[in-house]
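Undergrad: Whatever this is, show me its structure:
(chains A and B)
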Amino acid sequence: MTEPVAPGTPPEPVSAAPPGTVAAALAIWQRAGGLAVPIATAVLAFIVAGLVVAATGHDPLTAYKDIFEGAGYNWIFHPSTDTAAAAPYNLSQTLLQTTTLILTGLAVAFAFRCGMFNIGGQGQYIVGLVVANWIGISFIHLDSFLHVVLCIVLATLAGAVWAGIAGFLKATAGAHEVISTIMLNWIAIWGASYLFGDNGPLQGPNPAVPVSGDVVPGAQLPVFWGDQGFQGLHVGLFLALAALVVYWLVLNRTTVGYEVRAVGYNPDAAAYGGISVRKNFVRAMAISGAFAGLAGALDMIGYLYHFGVLDVQSNQIGFLGIAVALLGRNTAVGTGVAAFLFGGLLYGTNQGLTSGVIPTALAQNVTYLIQGLVVLFVGADVLILYVWNARKKVRRARAATTPEPAA
Amino acid sequence: MAEADTILELRGITKVFPGIVADDHVDFDLRRGEVHALLGENGAGKSTLMNILYGLYRPDDGEIVVRGQPVTFHSAKDAIAAGIGMVHQHFMLIPVMTVAENIVLGLEPTRDRVFIDEKRAAERVRDLSRAFGLALDPNQRIEKLTVGQQQRVEILKALYRKADILILDEPTAVLTPQEAKELFGIIETLKREGTSIIFISHKLGEVLEIADRITVLRRGKRIDSVPAAGATEPSLARMMVGRDVLLRVEKKSPSPGDPLLQVEGLEVLDDRQLPAVRGVSFEVRAGEIVGIAGVDGNGQSELIDGITGLRRPAGGTIRVAGREVAHSTPRLMLDLGVGHIPEDRQRRGLVLEFSIAENVALHDYAKEPDSKWGWLFPGRLVERARRLISEFDVRGGGPHTPAGALSGGNQQKLVAAREVARDPKVLVAAQPTRGLDVGAIEYLHRRLVEERDKGRAILLISLELDEVLSLSDRILVLYEGEIVAEFDPSVSEEELGLAMLGGGRREAAA
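TA: Alright, predicted model coming up:
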């Protein structure tokens, strides 16, 4: 310890700005900015998507109302637990999607905090699905609880390993994680297509269809809302919510998270601080992949139970995680909220549209349209701020004519 | 009231940032053809004031008057249109483009309205540089230029845009003494041509040398404006800091103990895998400060990196307190008790997005009491940060303030606080006072001497001759990766300077 020295002048009292001052108002505004920009992003995405819907000759407001109801968000107006009614059932389905999206969102967000862009959430999710399916159709005499745990743990690990490969390649060979995770996606997709496909090792009992076998009932997650036969909501939702808490805790309350953030913000300073940057690349990718692998496990033993080649090829939920993380600004709460929004979109456009205003096919594309727009606009929040400032400038210019500076 | 030849006036400029009033009703005026220095410690509000004048910030209150006309600047474009040019501390040039291309950027002379007329651009730049006595080859690429030449490009850029009010933001901070001399010559020429110059600085000597008038800011307030003629260094320092300042380092003669850092035959490669440190040997004993002098780029950075483990040495040995280090890593060197104040506090010394508390833990976050079994205790970090903030007089924020929000001097104090508080055996201080103001320099110098007296071995690497001469107990000269001379601190500046240019030979063997 050092002995105290008498500084030349006493330090200024350091405290938050007193309330009521300009500084305090600015601080609040700054904090609000963290919220305002993602909201503006989402609103803009919806407006532009609405314009597209309008361009197809349909009424965007009705479409959004349909999506809103289709997603079960109207449950808030008539709350009930009876999933025989439309709103509660729709909400349970939205939450089902939310469960997955929280985790695939975290898979992207965690790597982001370490300064990496994990585009491989889809591949890591599929690897999780495959492993959970494989464990779920094997070891059928295992105790049910153990079986579930085994499915979850191994699938999560598999996701971690899959993403860890990209981290390892970055740490050792300098391979950019965007490229390697995209490649690993394709390996996962084609690998799963083989495994579930004709004569594949995981193909189900019917040799005519390229679909895996069903996870045995003992390995299935309990459903707590709705009917298991009608894709009820499984307890995995709580695991996903817990994952949000874990995400926050790991980042903000552990040395692992400290290292991740240090490397993410400034790898040079991290190295100077004695942190191994390479180790963190591998570890952060692995943790990211674990989230996606867990998503695959929960889907498989929560409500899918089996998966086919066509599903592998068309599934997008891992990619949607990118938009979730971007919109949620890589925070725990933001990711949760964004997952709920995209979950509603995904299910609402799929099942809703009771008014029949627009065809289902178009409606489904609205989800992906909004997803793309969010990704676009998040990258462009500078643009949003610019538009915002320009608007103010125009207003001011109208209010008062500025004297022309002398040339 | 404004005098006839007043070209610029700032009246009651106020700018508030969250938690801090950067400028508090500051008045400032500039006459035609004068050099008006804006003097103040880091964080005194100089840069904020100039950024307001240059249209980068909007004032919360106050008025800007240019040539008698009140103006409102919405961006730098408006300021440039009003004839204001600014040369920032960090140059804004495109390295792969030529001098001429950089200067005309955005205002290129064209042929047929489409094609850039490169010949004419080069010509105009040549004319301009001749008119103002700034020797530059218009067709040279920026990356080939020295820092001093790049600064001239920045000045020309402003002149090309017809600026007759020129803001120079700490222009000498990046220059060698020779380059600074040349810059002063340029400033004299500009003055003669009728350009008015605002010269931002915290170095007393140069302000007295170049300025006609001096305005002193302290903590966002204008203290006074005085003519340079009657001012003295102590009087300016008193205005800046608000108390008497010791401009000389006072220290007892050293009483060196055991060698704590022994370097033998150290070889380190640079980024291009070329030898940058070539067989360097020296030792630093407990209770002494060994200064390494040298012109920038003679292997200083690589030497520091080699000793601190940030670069793996290609050869040689390092011993810390007698223990030989086979494979140095940053972690190992930290654990052996080597503290390091890095030369670039923003790139390396701090994670600017982290709070002060988090930065304080940068080396020891994985140890008790900061954490246990991987679990971090933010409360303890905050507590420690609070202690260091008051002990090292870090101003401008509390434990939760992001380090990036602090001024340069306070960032450096924070780094020094963290390193010293770890109780290191060896302290490597690289450019510890670069870009700092008198108050902060005085503090850090005194602190380094105190740490020496506590029995630490201090290796000081600095480009500032004054600093090396006044702090060191022994001086080594690094030239092209080798130690070419060793001096006593009583050596004359000329002799040292000669050795730094390779003109010396190693004298007595250590």
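
Undergrad: any low-confidence regions in the stretch 351-500 of chain B?
TA: Applying pLDDT under 70 to the stretch 351-500 of chain B picks out residues B:435.

Undergrad: Spell out which residues of it are next to chain A.
TA: B:351-354, B:358, B:361-363, B:365-366, B:371, B:374-376, B:378, B:389-398, B:401, B:420-421, B:423, B:439, B:442-443, B:447, B:450 (Cβ under 8 Å from any Cβ of the partner chain). C-beta coordinates here come from the backbone N, C-alpha and C atoms, glycine included.

Undergrad: show me where the stretch 151-300 of chain A has helices.
TA: Using DSSP state H, counting those that start in this stretch, the helices assigned to the stretch 151-300 of chain A run over residues A:177-196, A:236-253, A:255-265, A:267-272, A:277-299.

Undergrad: Check those for me and report the most buried one.
TA: Each of the helices of the stretch 151-300 of chain A was assessed for mean neighbour count using mean count of other Cβ atoms under 10 Å in any protein chain shown. The highest is helix A:277-299, with a mean of 28.

Undergrad: Show me what that one packs onto, helices and strands only.
TA: helix A:86-113, helix A:121-137, helix A:144-173, helix A:236-253, helix A:255-265, helix A:267-272, helix A:317-327 (3 or more Cβ pairs under 8 Å, 6 or more residues apart in numbering or on different chains; DSSP states H and E).

Undergrad: Hey, what's the angle from that helix to helix A:86-113? Just curious.
TA: If you take axes from the mean of the first three to the mean of the last three Cα atoms, to 10 degrees, helix A:277-299 sits at 170 degrees to helix A:86-113.

Undergrad: Return the alpha-carbon coordinates of helix A:277-299 using CSV.
TA: What follows is helix A:277-299 as a C-alpha-only set of coordinates in CSV (Å, rounded to 0.1, in the frame of the first residue of the first chain):
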residue,chain,number,x,y,z
VAL,A,277,-7.0,-11.8,-25.8
ARG,A,278,-6.8,-15.1,-27.7
LYS,A,279,-8.1,-17.1,-24.8
ASN,A,280,-11.1,-14.8,-24.6
PHE,A,281,-11.8,-15.1,-28.3
VAL,A,282,-12.2,-18.8,-27.9
ARG,A,283,-14.0,-18.7,-24.6
ALA,A,284,-16.5,-15.9,-25.6
MET,A,285,-17.4,-17.7,-28.8
ALA,A,286,-17.9,-21.0,-26.9
ILE,A,287,-20.2,-19.3,-24.4
SER,A,288,-22.1,-17.7,-27.3
GLY,A,289,-22.4,-21.1,-29.0
ALA,A,290,-23.6,-22.6,-25.7
PHE,A,291,-26.6,-20.2,-25.7
ALA,A,292,-27.5,-21.3,-29.3
GLY,A,293,-27.0,-24.9,-28.5
LEU,A,294,-29.3,-24.6,-25.5
ALA,A,295,-31.9,-23.0,-27.8
GLY,A,296,-31.6,-26.1,-30.0
ALA,A,297,-32.0,-28.4,-27.1
LEU,A,298,-35.0,-26.7,-25.6
ASP,A,299,-36.8,-26.6,-29.0
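
Undergrad: residues of the helix or strand just after it that come out buried?
TA: Sequence-wise, the next helix or strand downstream of helix A:277-299 (DSSP states H and E) is helix A:309-314. Across helix A:309-314, burial judged by 16 or more other Cβ atoms under 10 Å in any protein chain shown covers A:Val309, A:Asp311, A:Val312.

Undergrad: just stretch B:168-179 next, same as before
TA: Counting neighbours by 16+ other Cβ under 10 Å, one finds that the buried residues in stretch B:168-179 are B:Leu168, B:Asp169, B:Glu170, B:Pro171, B:Thr172, B:Ala173, B:Val174, B:Leu175, B:Thr176, B:Glu179.

Undergrad: restrict the residues you listed to contacts with chain A.
TA: Okay, of those, nothing touches chain A (Cβ under 8 Å from any Cβ).

Undergrad: Quick check: of those, which lies closest to chain A?
TA: Distance to chain A, by Cβ to the nearest Cβ, is smallest for B:Val174 among the buried residues of stretch B:168-179, at 19.9 Å.

Undergrad: Spit out the contact partners of that closest one.
TA: B:Gln89, B:Val147, B:Gln151 (Cβ atoms under 8 Å, 6 or more residues apart in numbering or on different chains).

Undergrad: Can you give me the distance of A:Ala332 to chain B?
TA: Going from A:Ala332 to chain B by Cβ to the nearest Cβ, to the nearest Å gives 16 Å.

Undergrad: Excluding sequence neighbours, find me the nearest residue to that residue.
TA: The shortest distance from A:Ala332 to any non-neighbouring residue, by Cβ to Cβ, 6 or more residues apart in numbering or on different chains, is to A:Trp248 (4.0 Å).

Undergrad: Tell me if I'm right that that neighbour and A:Thr335 touch.
TA: No - A:Trp248 is not in contact with A:Thr335 according to Cβ atoms under 8 Å; the separation is 9.8 Å.

Undergrad: phi, psi of B:Tyr54?
TA: Note on B:Tyr54: backbone dihedrals following degrees, to the nearest 10 are phi -90, psi 10.

Undergrad: Would you mind measuring the gap between the ends of stretch A:267-278?
TA: End-to-end distance for stretch A:267-278: 10 Å, by Cα to Cα, to the nearest Å.

Undergrad: outside of it, which residues touch it?
TA: A:115, A:171-172, A:259, A:262-263, A:280, B:308, B:310, B:329-331, B:334, B:340, B:342, B:347-351, B:362-363, B:365.

Undergrad: Centre of the chain to that stretch, how far?
TA: Relative to its chain's centre, stretch A:267-278 lies at 28 Å (Cα atoms, centre = their mean, to the nearest Å).

Undergrad: Stretch A:237-251 now?
TA: 13 Å.

Undergrad: what sits up against that stretch?
TA: By Cβ under 8 Å, 6+ apart, the surrounding residues in contact with stretch A:237-251 are A:95-96, A:98-100, A:102-103, A:106, A:109-110, A:113, A:152, A:256-257, A:260-261, A:287, A:291, A:294-295, A:298, A:332-333, A:335-336.

Undergrad: so who does B:Leu501 touch?
TA: Taking Cβ under 8 Å, 6+ apart, one finds B:Val295, B:Tyr479 in contact with B:Leu501.

Undergrad: what are the phi and psi angles of it?
TA: According to degrees, to the nearest 10, B:Leu501 has phi -90, psi 10.

Undergrad: do the same with B:Leu376
TA: When read as degrees, to the nearest 10, the backbone of B:Leu376 gives phi -90, psi 140.

Undergrad: That one: what's its closest spatial neighbour, skipping adjacent residues?
TA: Leaving aside its sequence neighbours, B:Leu376 sits nearest to A:Arg253 (Cβ to Cβ, 6+ apart; 5.2 Å).

Undergrad: Name the SS class of whatever residue of the stretch 201-350 of chain B ends up closest to chain A, please.
TA: In the stretch 201-350 of chain B, the residue that lies nearest chain A is B:Arg331 (4.0 Å; Cβ to the nearest Cβ). What DSSP: H, G, I helix; E, B strand; the rest coil gives for B:Arg331 is helix.
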